[in-house]
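Peer 1: Turn this into a model:
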Amino acid sequence: MEWPELKETVRNCTVCPLRAGCTQTVFGVGDENADWLLVGEAPGAEEDRLGEPFVGQAGRLLDNMLAALGLARGKDVYIANVLKCRPPGNRNPEPSEVAACSPYLKRQIELIRPRLILAMGRFAVQTLLNTDATIGSLRGRVHQYHGVPLVVTYHPAYLLRNLPDKAKAWADLVFARKTIK
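Peer 2: This is a model prediction of the structure:
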């Protein structure tokens, strides 16, 4: 599938029950030829309402962190989530939901052909690396996703609740920038 067909397939997806309970799908946003691919977990209420990932407070934090690296949403990066539909009450994704959405994310990665993937948060990390290891144990080194360098970091929403880990996330972003150069 190319971009138009993939977007349409996601928009009309009924593989899992999540689509019936959300306002719209949140496919992804940004430069479809970006060097950086940022992968989060799942849309929240604001993302579901607006149809774009990372638009709330966590999104503002992410945008500020990217700006500090000289990157910008919509220009230098592509941002997507593992899940394309919001889980009710922002609950954690179910394994069956991750399995249903994973082929869409895989195809996005194939189409973008990023030079670096930044996996943000537990479900993004576990899905892309096929592991149940903690973020803390995976940070600070380069992993691979089908030959693409992958760097692990905390989800911006987590950072809003755990301010001391912001410094660790910044170190991860600096490490990612060094990795891509």
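Peer 1: from here on, contacts and neighbour counts on C-alpha atoms
Peer 2: Will do.
Peer 1: how about the closest residue to V98 other than its chain neighbours, secondary structure?
Peer 2: Take V98 and drop its neighbours on the chain: the residue closest to it by Cα to Cα, 6 or more residues apart in numbering is L83, 6.4 Å away. When classified by DSSP: H, G, I helix; E, B strand; the rest coil, L83 comes out as coil.
Peer 1: the helices in this protein, which residues?
Peer 2: All helices of the chain, identified by DSSP state H, fall at 3-11, 18-21, 45-50, 57-68, 95-112, 122-129, 135-138, 156-161, 166-180.
Peer 1: Let me have the ones you listed in JSON lines, adding mean neighbour count and distance to P149 as columns.
Peer 2: Formatted as JSON lines, these follow (neighbours: other Cα atoms under 10 Å; distance: least, Cα to Cα, whole Å):
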{"stretch": "helix 3-11", "mean neighbour count": "14", "distance to P149": "23"}
{"stretch": "helix 18-21", "mean neighbour count": "15", "distance to P149": "31"}
{"stretch": "helix 45-50", "mean neighbour count": "18", "distance to P149": "27"}
{"stretch": "helix 57-68", "mean neighbour count": "16", "distance to P149": "18"}
{"stretch": "helix 95-112", "mean neighbour count": "17", "distance to P149": "12"}
{"stretch": "helix 122-129", "mean neighbour count": "21", "distance to P149": "11"}
{"stretch": "helix 135-138", "mean neighbour count": "14", "distance to P149": "13"}
{"stretch": "helix 156-161", "mean neighbour count": "16", "distance to P149": "21"}
{"stretch": "helix 166-180", "mean neighbour count": "16", "distance to P149": "8"}
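Peer 1: Sounds good, over and out.
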